[in-house]
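Trainee: need a structure here:
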Amino acid sequence: MERNFLWRLLIVLAVAVVSILYVIPSVTPTLPDFWKKVLPSDRVHLGLDLRGGMHLVLEVQTEKAVESSLERNADELRYGLRKAGIPATDLAKTEANTIELMLPKVQDLDRLNDLLNKEFSELATKSATETEGRMKVVLVYKETAAKQVREMAARQALETIRNRIDQFGVTEPDIRPQGEDRIVVQLPGIQDTDRAVRLIGQTARLEFKLVDDEHGVEKALTDGPPPGDEILDQIETDPQSGRTKKTPFLIKKQLMMTGEYITDARVAIDNQYNTAYVSLSFDAKGARLFERITEANVKNRLAIILDGVVKSAPVIQEKIGGGKASITGTFTQDQARDLAIVLRAGALSAPVKVLEERTVGPSMGQDSINQGMESIILAGVLIVLFMAVYYRVSGLIADLVLVLNIVIMMAALAAFKATLTLPGIAGIILTIGMAVDANVLIFERIREETRLGKSPRAAVDAGFGKAFWTIFDANLTTLFAAIVLYQFGTGPIRGFAVTLSIGLVASMFTAIFVARLIFDYLLVRFKVSKISI
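Mentor: Purely as a prediction, here's the structure:
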């Protein structure tokens, strides 16, 4: 008996000590250095409703990804036709999400179909019409290929946004998909909401195109750009006055290079002008491509375009090797840092649209914490008083294990890095009631056994033994319900399910294992002849 008691005591002490070690970082503002190196230092993370921050619902515009993918296919098809020696004219992507081209020779249609089967299996021929001895061909995406592009765009948007937020420095962000094309983002502690929205929603499509210096931009503004050209603006903001200045550029539509080859993007400072700029590094393929572009276009201007806006258009003075480039402009430190983040984290293959935006202020979050703690304290005090008055010494034992139950719950939240939300506090309050309910079942059973004339030892054995399966079944069914809530619920419901699940397991341990240990100790140590219950 004593050996069995010793092992049980060591288990309870170990659980209690470990729980206290995990709870201390959450209740202590600062920790000594040795603690962070050796002992647990994770705190209980507070959710958006407690800490304040931002809640966003984003829609990934997956059809834009299909359009972009089709445009890239048009460029690759143009190169493939030239490589295969198949003459074609007027090849372009249309507004109706098709690729149209004209074959001067009707007999080249079979060769085109062979090329599509071998290298462009995602494209299908919608129509082929003979007109004046020529063949007009209309190509579309196969539905399976378009569906795959949409799914990939949604997945890539989720990962890209997660990478950007991680580099932005938000702690405990909650980012999860919702449906086929929506993403829910919760950013606790965010104060600069406008900057966060810009960072998340920026498409970050980086393009390198040549400036058309042969035609005047003023004439293009009046009469329209020449064929193969477009007008894009450079928008500069004065950091002191905040005024913006637009400068139009006549840009050749031909895409020289994209940002897909970027391996790194860093903020650097120009010591001469004391301004921030973004330094880019390319992978091996990108470095070779950039070197060929600069070699072939010395003394021409190369526009660096981000999301349709010209960031800079420097003159290429010489061939640039080594896989390095830079984006200069009138950047502030934050603007340059955010630009580096989105380029380093990758471009969104499809734009995202903010469907819902809610901001929770930190004062509102603190009010929720205060009210939640008041609820826990009030519920705890009422239960402690009731148990002590109604069950006397046995009630005090129930109160003691209840305190341990709460400590174990908070330790588990910190250890598993779970997020405590306002519904989570409600789960804690519910668990307090359920933990005491288990003791009530045991105590009432002990009372019944005592009335039958059994000794204190026999009454305790029978009380815990006969009440065990009732408590186990009740907690198990509630645990299953909590697991279902967590699996299929959203943020607030999940917060409730987490604390409820942890509380159920903790209450089983404290109400049955710890309370029984205390009863056994009192019966053996003091040899009581009557149980105070």
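Trainee: alpha carbons only for contacts and neighbour counts from here, please
Mentor: OK.
Trainee: Tell me who's in contact with the nearest residue to Val60 once chain neighbours are set aside.
Mentor: Distances taken as Cα to Cα, 6 or more residues apart in numbering place Val352 nearest to Val60, at 4.5 Å, with adjacent residues excluded. Counting by Cα atoms under 8 Å, 6 or more residues apart in numbering, Val352 touches Leu58, Glu59, Val60, Gln61, Gly201, Thr203.
Trainee: Could I get the full set of helices for the stretch 301-450 of the chain?
Mentor: With DSSP state H, counting those that start in this stretch, the ranges of helices along the stretch 301-450 of the chain come out as 333-345, 362-415, 422-451.
Trainee: Any chance of a markdown table for these, columns mean neighbour count, distance to Lys118 and mean pLDDT?
Mentor: Listed next are the helices of the stretch 301-450 of the chain as a markdown table, based on neighbours: other Cα atoms under 10 Å; distance: least, Cα to Cα, whole Å; pLDDT from 0 to 100:
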| stretch | mean neighbour count | distance to Lys118 | mean pLDDT |
| --- | --- | --- | --- |
| helix 333-345 | 21 | 33 | 74 |
| helix 362-415 | 18 | 54 | 83 |
| helix 422-451 | 21 | 56 | 86 |
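Trainee: From the centroid of this structure, which residue is nearest?
Mentor: Nearest to the mean C-alpha position of the chain, by Cα atoms, centre = their mean, lies Ile175 at 2.7 Å.
Trainee: May I ask which of the contacts of Val352 has the most neighbours?
Mentor: Val60 (26 neighbours; other Cα atoms under 10 Å).
Trainee: quick one: average pLDDT of whatever helix or strand Asn4 lives in?
Mentor: Using DSSP states H and E, Asn4 falls within helix 2-27. The pLDDT scores in helix 2-27 average 86.
Trainee: chain center to the next helix or strand after that helix, what's the gap?
Mentor: Next along the chain after helix 2-27, taking DSSP H and E as the criterion, comes helix 33-38. Relative to the chain's own centre, helix 33-38 is displaced by 29 Å; criterion: Cα atoms, centre = their mean, to the nearest Å.
Trainee: How about stretch 287-301?
Mentor: Taking mean C-alpha positions (Cα atoms, centre = their mean), stretch 287-301 and its chain are 38 Å apart.
Trainee: Need the residues that contact that stretch.
Mentor: Contacts of stretch 287-301 (Cα under 8 Å, 6+ apart): 210-211, 256-257, 313-324.
Trainee: same thing but at 6 Å, please
Mentor: For stretch 287-301, contacts defined as Cα atoms under 6 Å, 6 or more residues apart in numbering pick out Val211, Ala313, Pro314, Val315, Ile316, Gln317, Glu318, Lys319, Ile320, Gly321, Gly323.
Trainee: could you pull out the strands for the stretch 1-150 of the chain?
Mentor: In the stretch 1-150 of the chain, the strands defined using DSSP state E, counting those that start in this stretch lie at 45-46, 53-60, 89-93, 99-103, 123-131, 134-141.
Trainee: Report the rounded mean pLDDT for the last one.
Mentor: Translated: strand 134-141. Across strand 134-141, pLDDT averages out at 90.
Trainee: how much space between the residue in the chain sticking out farthest from the centre and Arg447?
Mentor: Centroid-distance maximum for the chain: Gly453 at 62.0 Å, with Cα atoms, centre = their mean. From Gly453 over to Arg447 the distance is 10 Å, taken as Cα to Cα, to the nearest Å.
Trainee: Ok, Asp49 next?
Mentor: Asp49 sits 44 Å away from Arg447, going by Cα to Cα.
Trainee: Ok, Ala157 next?
Mentor: Distance from Ala157 to Arg447, counting by Cα to Cα: 62 Å.
Trainee: Same question for Pro314.
Mentor: To Arg447, Pro314 is 89 Å away according to Cα to Cα.
Trainee: next one: Leu70
Mentor: Distance of Leu70 to Arg447, computed by Cα to Cα: 78 Å.
Trainee: Phe468 now?
Mentor: Distance, Phe468 to Arg447, using Cα to Cα: 15 Å.
Trainee: try Leu355
Mentor: For Leu355 relative to Arg447 (Cα to Cα), the value is 60 Å.
Trainee: now Asp233
Mentor: 85 Å.
Trainee: Name all residues that make contact with Phe488.
Mentor: By Cα under 6 Å, 6+ apart, Phe488 has no neighbours at all.
Trainee: How many residues are close by the residue nearest to Thr244 when sequence neighbours are not counted?
Mentor: Leaving aside its chain neighbours, Thr244 sits nearest to Thr237 (4.3 Å; criterion: Cα to Cα, 6+ apart). Look at Thr237: counted by other Cα under 10 Å, it has 15 neighbours.
Trainee: Same check on Thr244?
Mentor: Residues within reach of Thr244, counting by other Cα under 10 Å, total 11.
Trainee: circling back to that earlier point, contacts only, for the residue nearest to the centre of the chain.
Mentor: Counting by Cα under 6 Å, 6+ apart, Ile175 touches Val184, Val185.
Trainee: need the next SSE after the helix or strand harbouring it, C-terminal direction.
Mentor: Under the criterion of DSSP H and E, Ile175 resides in strand 174-178. Counting by DSSP H and E, the next helix or strand C-terminal to strand 174-178 is strand 182-188.
Trainee: Show me what that following strand packs onto, helices and strands only.
Mentor: On a contact count with 3 or more Cα pairs under 6 Å, 6 or more residues apart in numbering; DSSP states H and E, strand 182-188 meets strand 53-60, strand 174-178.
Trainee: In a markdown table: the ones you listed, plus distance to Leu504.
Mentor: Below are the helices and strands packed on strand 182-188 laid out as a markdown table (distance: least, Cα to Cα, whole Å):
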| stretch | distance to Leu504 |
| --- | --- |
| strand 53-60 | 30 |
| strand 174-178 | 25 |
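Trainee: Among these, which comes closest to Lys105?
Mentor: Checking the helices and strands packed on strand 182-188 against Lys105 by Cα to Cα gives strand 53-60 as the closest, at 41.8 Å.
Trainee: okay, the angle between the closest one and strand 182-188?
Mentor: On the basis of axes from the mean of the first three to the mean of the last three Cα atoms, to 10 degrees, strand 53-60 is oriented at 160 degrees to strand 182-188.
Trainee: How far off centre is strand 53-60?
Mentor: Relative to its parent chain, strand 53-60 has a centroid offset of 10 Å by Cα atoms, centre = their mean.
Trainee: That one packs against which elements?
Mentor: Applying 3+ Cα pairs under 6 Å, 6+ apart, one finds that strand 53-60 contacts strand 182-188, strand 352-360.
Trainee: Just checking: what are the partner strands of the first one?
Mentor: Yep, that's strand 182-188 we're talking about. If you go by DSSP bridges, strand 182-188 pairs up with strand 53-60 (antiparallel), strand 174-178 (antiparallel).
Trainee: Ok, which of the ones you listed comes nearest Asp283?
Mentor: Evaluated with Cα to Cα, these place strand 53-60 nearest to Asp283, the distance being 28.2 Å.
Trainee: and the angle for that closest one with strand 352-360?
Mentor: Using the same axes, to 10 degrees: strand 53-60 against strand 352-360 is 160 degrees.
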